[in-house]
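Enquirer: structure for this input, please:
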Amino acid sequence: QVQLVESGGGLVQPGGSLRLSCALSGSIFRLYVMAWYRQAPGKQRELVAHITRGGDTNYADSVKGRFTISRDNAKNTAYLQMNSLKPEDTAVYYCNADQLLRKIVAGTGATWGQGTQVTVSS
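Expert: Here you go, the predicted model:
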C-alpha cells in the first residue's frame, strides 16, 4: 500500500521560508508524478505545483518565482521549497502521488498525505 508522510509545516512570518517534505513508501517512488496541493479555510483545494517522473515542473501562477518543487529519487522524497511567503499562502498543504499526470492535474491522484499546516503571520 502506497503511503505519503508530510513534514515541515509551521508558523512563519511574512517574507520567510519553509521547506515541506513528502516521503513515499510502499512502492517505487521514481514511477510517480508528485504534487503539492493546498486548501485554505473556506476555499477549494488548489494545485500548487507538480513534478513529473522526468523532473518537469509546473506551478500555479500565485506561487511562480517563489516556490520550487523537487524530488530525490534516492530518498523517495519530494520537496516544496517556499520562499517569500505571504499571508495568503496560509493553508493546509497536501502531498499527492499518482503514476498518471492527468490524474494529478484533475485532482484525482490515488494517494494523499495527511496534510501539514502552513501559517504565515506576523
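
Enquirer: residues in contact with the lowest-mean-pLDDT helix or strand in the chain?
Expert: Counting by mean pLDDT, DSSP states H and E, the weakest-scoring helix or strand in the chain turns out to be helix 101-106, with a mean of 94. For helix 101-106, the surrounding residues in contact (Cβ atoms under 8 Å, 6 or more residues apart in numbering) are 33, 35, 47, 50, 52, 96, 98, 109-110. Yep, even glycine has a C-beta here, placed from its N, CA and C like the rest.

Enquirer: let me know the secondary structure of the residue most central in space within the chain.
Expert: By Cα atoms, centre = their mean, the chain has its centre lying nearest to Trp36, at 2.2 Å. Classification of Trp36 into helix, strand or coil gives strand, according to DSSP: H, G, I helix; E, B strand; the rest coil.

Enquirer: that one pairs with what?
Expert: Ala49, Cys95 (DSSP bridges).

Enquirer: before we move on, what about Leu24?
Expert: Under DSSP bridges, the residues paired with Leu24 across the bridge are Leu4.

Enquirer: per-residue confidence at it?
Expert: pLDDT recorded at Leu24 is 97.

Enquirer: how close does it get to Lys75?
Expert: 10 Å (Cβ to Cβ, to the nearest Å).
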